[in-house]
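Visitor: just coords:
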């Protein structure tokens, strides 16, 4: 089968590899659509971050080159022995987190914080940028016929957004700001709407992304036109209740901190490639709190349910659909060069 494998920075290769074997407890999935994630892009331009390059990952026993892609949907075409909850023909999405099940985090049910945590599509075990993938039964979640496969490919990134809002202290009627209207930032807007935020501000430079944020209901503030902190403080009478940092740009973290009110909270959702500095007094003197999140846990069913209600709409968030043979030039490179792109989906079908 055809699969896209990471060999190094700016070195992604479409190669012919063996189809995965459906072992005990696993299901074999024919991929319909796979989204290009910001994490994939980070690996492409600055990796390895999550990809094991020189040492095998402790849970997959694999190292680069690995098949990429972890935001995918498809149909089960084969089941292994011991599979009881799923059957051939089921439409599914995969929660691509590997966890050991034994460490302190896993024993507490916080499997996304597993000390050996990895992602299918980054740490080995196959990936969505291929024709087939084999995943453990517990990683696969059925999606209803009312949701398209394109919509299914958005479940994984939407889970990041919903987990971020769930882990925050946001209450119904609270005010929030999202710094960065890339794919995850836009999905955070949707999660905030579903969670009852009364005002959702969005700080973004890109014209295209500002328009998309406004289309989803965000109140856009352009940092080229306004002093962001002064504007937010004035519009919210002292600052927002929760700020979501979704850019990974160090200076923006300082803005996110200063945008919150007394006792406000800063949620760090992005992955940073470089260190970010801030003065601790900006936290201490106003009794603010700062929290980071990675991935998600126990949230896929809720995301699927919200999608059935119209949240996280693929028709507004997917800006391009391409074939696997086009993934580097018209996928990864397009996301680097074309600021109008939000979510690009890739199909292995010819």
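Guide: Nice, thanks for sending it over. Every value quoted in this text rests on a predicted model; they were computed, and no experiment measured them. Residues are numbered from 1 along each chain as shown.

Visitor: can you give me the helices in the stretch 101-250 of the chain?
Guide: 104-107, 149-152, 155-167, 183-194, 207-215, 228-236, 250-258 (DSSP state H, counting those that start in this stretch).

Visitor: how about CSV for those helices, with distance to residue 1 added?
Guide: Bear in mind the C-beta positions are built from the backbone N, C-alpha and C, glycine included. Output for those, formatted as CSV (distance: least, C-beta to C-beta, whole Å):
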stretch, distance to residue 1
helix 104-107, 32
helix 149-152, 18
helix 155-167, 21
helix 183-194, 27
helix 207-215, 34
helix 228-236, 48
helix 250-258, 41
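
Visitor: And stretch 292-310, end to end?
Guide: Distance across stretch 292-310, first residue to last, is 28 Å (C-alpha to C-alpha, to the nearest Å).

Visitor: residues touching the most far-flung residue of the chain relative to its centre, list them.
Guide: In the chain, counting by C-alpha atoms, centre = their mean, residue 285 sits farthest out from the average C-alpha position, at 32.8 Å. Residues in contact with residue 285 (C-beta atoms under 8 Å, 6 or more residues apart in numbering): none are found.

Visitor: which SS state does residue 28 fall under?
Guide: Three-state assignment for residue 28 (DSSP: H, G, I helix; E, B strand; the rest coil): strand.

Visitor: What segments of the stretch 251-350 of the chain are strands?
Guide: Along the stretch 251-350 of the chain, counting by DSSP state E, counting those that start in this stretch, strands occupy 260-268, 289-292, 318-323, 343-347.

Visitor: Just list the residues touching residue 224, thanks.
Guide: For residue 224, the residues meeting the contact criterion (C-beta under 8 Å, 6+ apart) are residue 205.

Visitor: how about it, phi and psi?
Guide: The phi/psi pair for residue 224 (degrees, to the nearest 10) reads phi -80, psi -20.

Visitor: Look at the residue most central in space within the chain and report its pLDDT.
Guide: The residue lying closest to the centre of the chain (C-alpha atoms, centre = their mean) is residue 157, at 3.2 Å. On the pLDDT scale, residue 157 is placed at 97.

Visitor: Any idea how many residues pack against residue 231?
Guide: For residue 231, the count of nearby residues is 17 (other C-beta atoms under 10 Å).

Visitor: what do you get for residue 138?
Guide: 10.

Visitor: Please apply the same query to residue 105.
Guide: 18.

Visitor: from memory it sits against residue 294, does it?
Guide: No. Residue 105 is beyond contact range of residue 294, at 10.8 Å (criterion: C-beta atoms under 8 Å).

Visitor: anything in contact with each of these two?
Guide: Counting by C-beta under 8 Å, 6+ apart, the residues touching both residue 105 and residue 294 are 112, 113.

Visitor: how near is the closest residue to residue 318 other than its chain neighbours to residue 183?
Guide: Residue nearest to residue 318 in three dimensions, not counting chain neighbours: residue 343, with 5.0 Å by C-beta to C-beta, 6 or more residues apart in numbering. Relative to residue 183, residue 343 is positioned 5 Å away (C-beta to C-beta, to the nearest Å).

Visitor: Give me the more crowded residue out of these two.
Guide: Between residue 343 and residue 183, counting by other C-beta under 10 Å, residue 183 is the more crowded of the two (30 against 25).

Visitor: residues in contact with the more buried one?
Guide: Applying C-beta under 8 Å, 6+ apart, the residues near residue 183 are 35, 37, 38, 157, 317, 342, 343.

Visitor: let's go with 7 Å and repeat that
Guide: Residues near residue 183 by C-beta atoms under 7 Å, 6 or more residues apart in numbering: 38, 157, 342, 343.

Visitor: Let's have those in JSON lines, adding distance to residue 67.
Guide: Formatted as JSON lines, the contacts of residue 183 follow (distance: C-beta to C-beta, whole Å):
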{"residue": "38", "distance to residue 67": "18"}
{"residue": "157", "distance to residue 67": "19"}
{"residue": "342", "distance to residue 67": "24"}
{"residue": "343", "distance to residue 67": "20"}
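
Visitor: Out of the helices of the stretch 101-250 of the chain, flag the one nearest residue 66.
Guide: Residue 66 lies closest, by C-beta to C-beta, to one member of those: helix 155-167, at 17.3 Å.

Visitor: and the closest one, what other elements does it pack with?
Guide: Judged by 3 or more C-beta pairs under 7 Å, 6 or more residues apart in numbering; DSSP states H and E, helix 155-167 is in contact with helix 183-194, helix 300-308.
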